[in-house]
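Chemist: The following block contains a protein sequence and its predicted model.
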Amino acid sequence: MNSVSARLCPFLRFAFVLMAAGILGLGSGCAGYQLGPTNGTAAGNRSVEVALFRNETNEPRLSEPVAQSLRHRFQQEGTYRLATDGTGDVQVTGTLKRYERDPISFQPNDLITTRDYDVRMIVQVRAVERSTGKVLVDKEVIARTTIQSNADLGSAERQAAPLLADDLARKAAALLIDGTW
């Protein structure tokens, strides 16, 4: 029995060391993650107001889905409270600069008829601290989505507007939420 325990002892030590290393390795894998706001502010400590963006594109009715998506994103994320009465600590404004549509695929037997389009919206997003006038964000953001061409391209583009707005909201909100200002 003594020789069996003598042979098992190094194996048990090795197994223990291997298990400890595995537990440490699993624990350190999540070291980069952080719960709550990542910009150093307490959740809900400040408020944000989202104004309608000025639309300089030829595509009508884009400002409303953009503002709605941004408001929803801030509510969902929780770092900022949403202010709707004009008293937000941070005011987010912007300008819809360009709306572009480029063909990305064509019908298999017809190289002229477009099947899918890449739709982009280029937006200048600006966030200003109301009390000090400090510019927190002033950056061009590109939102994009893909739409399928059908008999009514205008209808397809109207259906794509909320998708573009959501992509823009995700990117623009991240600039303010994760900013290092």
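Modeler: Yes, it's here.
Chemist: residue contacts, D138?
Modeler: D138 is in contact with 124-127, counting by Cβ atoms under 8 Å, 6 or more residues apart in numbering. In this view, the C-beta of every residue, glycine as well, is placed from N, C-alpha and C.
Chemist: show me where this protein has strands.
Modeler: 46-50, 54-55, 80-82, 90-107, 110-129, 135-148 (DSSP state E).
Chemist: Averaged over its residues, which helix or strand of this structure has the lowest pLDDT?
Modeler: Sorting the helices and strands of the chain by mean pLDDT, DSSP states H and E puts helix 2-28 at the bottom, at a mean of 62.
Chemist: still on that earlier bit, top of the contacts of D138 by neighbour count?
Modeler: A127 (24 neighbours; other Cβ atoms under 10 Å).
Chemist: For T93, which residues count as its bridge partners?
Modeler: In this structure, T93 bridges to R126 when assessed by DSSP bridges.
Chemist: Touching, it and A51? I think so.
Modeler: Yes - counting by Cβ atoms under 8 Å, A51 is a contact partner of T93 at 4.8 Å.
Chemist: How far away from the center of its chain is stretch 117-125?
Modeler: 14 Å (Cα atoms, centre = their mean, to the nearest Å).
Chemist: Tell me which residues of it come out buried.
Modeler: Neighbour counts over stretch 117-125 (16 or more other Cβ atoms under 10 Å) mark 117, 119-125 as buried.
Chemist: Domain map for the protein?
Modeler: Structural domains assigned to the chain are 1-33, 41-177, following automatic domain parsing.
Chemist: from those, which stretch is densest packed?
Modeler: domain 41-177 (a mean of 16; mean count of other Cβ atoms under 10 Å).
Chemist: Output the contacts of D138 as a markdown table; include the columns pLDDT.
Modeler: Shown next, in a markdown table, are these (pLDDT from 0 to 100):
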| residue | pLDDT |
| --- | --- |
| Q124 | 98 |
| V125 | 97 |
| R126 | 97 |
| A127 | 96 |
